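Trainee: next come a sequence and a model predicted from it.
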Amino acid sequence: MVVTITCYSVVAKAADLPEIEKRGVLKVVTEDNYAPFNFMNNGKPDGFHKDILIELKKYAKGKFKVQQNILPWTGLLAAVSSGQYDAAITGALITDDRLKALSFVAPVASAQDFYVKRAGDVSINSIADLDGKTLGIQAGSALLARLPELEVMLKKTGGKIGKIVQYQSYPEAYADLANGRLDYVINAVISVNDVVKKHPNVFAKGQAVSGHGFVAWPVSKKSPKLLKFLSGFVKHLKETGKLKELQIKWFGQAFNNLPDQPITTVKEFHDLAGIK
């Protein structure tokens, strides 16, 4: 597997499976700063998707090679929708807006948003206590799109969201939370569990601030055969028990009730997530 770090964009056209098989290379893009999905360890990619890519390489053997490239999160989805890369193998959350430009492979993990506070911060004990407090969140993330759900929760107790500070990566946000520049950070449950497990004396997990959601890999709307192929790969991982094994290894739990089909429309997403 070839790994390169890329910091530029080019004009490209999305490729579907026949073209990928013809050229002999599937170009996937990941990020490098979103544990436990993707992160760097001694200069090399690590995490859940490192192991997934090992399995994908086996699954695609004889069809094409897998080439991994690394981009900052903020440019990653655009690079896929524009056709610069064929798929993003990363911890992307499905949203209504993203479904306008992208289709999503059958999900590989569950996603629900929770808040994280400083350990020992007695001023925050419930959703209502978030009223007016300073929030940290990643720029361009799916969690921004679901903040209206928190607004509704706060409105019920007469509160509202305070100042929102956006970050290029979550480690930056957590650093500011630890030093008191933020009151809380919102992230998906898997990443929240990970940071609290690693730093139990610094951070504490709060309550859910959104409904259900899914972690899935985006591909271009113009690549339906690739979407089917990658969803078949996820099905293969489920049937062999490998997906459950990797979920437990990296997330500390298995997600046994994920949808088996790719998600391509807002209606499909809402139906599967129970969003009204």
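Mentor: Looks like it came in fine. Numbering: from 1, shown residues only.

Trainee: average pLDDT across the helix ranked longest in the chain?
Mentor: Counting by DSSP state H, the longest helix found in the chain is helix 224-240. Confidence over helix 224-240 (mean pLDDT, whole number) is 98.

Trainee: going forward, begin numbering at 57 instead of 1
Mentor: Let's use 57 as the start, then, which means that last one is helix 280-296.

Trainee: which elements pack onto that helix?
Mentor: Applying 3 or more Cβ pairs under 8 Å, 6 or more residues apart in numbering; DSSP states H and E, we find helix 280-296 packed against helix 73-79, helix 104-115, strand 274-276, helix 298-307. Where you see a C-beta, it was placed from the backbone N, CA and C, and this is true even at glycine.

Trainee: let's see 7 Å
Mentor: helix 73-79, helix 104-115, strand 274-276 (3 or more Cβ pairs under 7 Å, 6 or more residues apart in numbering; DSSP states H and E).

Trainee: how about these, which one is nearest Lys156?
Mentor: strand 274-276 (11.6 Å; Cβ to Cβ).

Trainee: so what secondary structure elements neighbour the closest one?
Mentor: helix 129-137, strand 143-144, strand 158-160, helix 280-296.

Trainee: residue ranges with poor pLDDT in the stretch 57-206 of the chain?
Mentor: 57-68 (pLDDT under 70).

Trainee: how about the strands in it?
Mentor: 58-61, 81-86, 89-90, 94-97, 100-102, 121-126, 143-144, 158-160, 165-166, 169-174, 191-194 (DSSP state E, counting those that start in this stretch).

Trainee: switch the ones you listed over to TSV; also include distance to Leu73.
Mentor: Formatted as TSV, the strands of the stretch 57-206 of the chain follow (distance: least, Cβ to Cβ, whole Å):
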stretch	distance to Leu73
strand 58-61	20
strand 81-86	9
strand 89-90	27
strand 94-97	24
strand 100-102	24
strand 121-126	14
strand 143-144	11
strand 158-160	13
strand 165-166	24
strand 169-174	33
strand 191-194	31
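
Trainee: Serialize the ones you listed to JSON lines and add fields for distance to Ile108 and mean neighbour count.
Mentor: Below are those laid out as JSON lines (distance: least, Cβ to Cβ, whole Å; neighbours: other Cβ atoms under 10 Å):
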{"stretch": "strand 58-61", "distance to Ile108": "14", "mean neighbour count": "10"}
{"stretch": "strand 81-86", "distance to Ile108": "10", "mean neighbour count": "23"}
{"stretch": "strand 89-90", "distance to Ile108": "14", "mean neighbour count": "22"}
{"stretch": "strand 94-97", "distance to Ile108": "10", "mean neighbour count": "18"}
{"stretch": "strand 100-102", "distance to Ile108": "11", "mean neighbour count": "14"}
{"stretch": "strand 121-126", "distance to Ile108": "10", "mean neighbour count": "18"}
{"stretch": "strand 143-144", "distance to Ile108": "11", "mean neighbour count": "26"}
{"stretch": "strand 158-160", "distance to Ile108": "15", "mean neighbour count": "26"}
{"stretch": "strand 165-166", "distance to Ile108": "11", "mean neighbour count": "22"}
{"stretch": "strand 169-174", "distance to Ile108": "23", "mean neighbour count": "23"}
{"stretch": "strand 191-194", "distance to Ile108": "21", "mean neighbour count": "23"}
